[in-house]
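[1] give me a 3D structure for the following:
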Amino acid sequence: MANKRDLKKDINYVFGDIIEAVYYWELENAQKPSTESEAIIDDAIASFDELITRVNDRSVEDRKAHFKAINTDLEAKGKALIERINKLS
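    Numbers count the residues shown, from 1 in each chain. Coordinates of the predicted model:
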């Protein structure tokens, strides 16, 4: 399992790329931000905050399992947000 620093970087990159993809979608479609795109950005920020809080939790006994669970959640949340971006119209 990666260390804490690498996990934080992964979380930052994943959600940063998702937010950037939403901004590109808004530019390509020449629209004002829609409620759907704003909701995706808000959810990405909320997920980022949640995962970073979990990474910084020092009261965990089994760090390896804890970080593995966070990584799994990161993948699931990232895929869900990407699917929502792909469904924007």
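
[2] quick one: the strands in the chain?
    Along the chain, counting by DSSP state E, no stretch forms strands.

[3] got the contact list for the spatially most central residue of it?
    With distances taken as CA atoms, centre = their mean, Phe15 lies nearest the centre of the chain, 3.5 Å away. By CB atoms under 8 Å, 6 or more residues apart in numbering, the residues touching Phe15 are 44-45, 47-48, 78. Using the backbone N, CA and C atoms, a C-beta is placed for each residue, glycine as well.

[4] got the contact list for stretch 77-84?
    With CB under 8 Å, 6+ apart as the contact definition, stretch 77-84 has outside contacts at 14-15, 18, 21, 36, 40, 43-44, 47, 51.

[5] which among these end up buried?
    Buried by 16 or more other CB atoms under 10 Å: 14-15, 18, 21, 40, 43-44, 47, 51, out of those.

[6] could I get those residues as CSV with distance to Ile70?
    Formatted as CSV, those follow (distance: CB to CB, whole Å):
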residue, distance to Ile70
Val14, 12
Phe15, 13
Ile18, 17
Ala21, 22
Ile40, 21
Asp43, 17
Ala44, 16
Ser47, 11
Leu51, 6
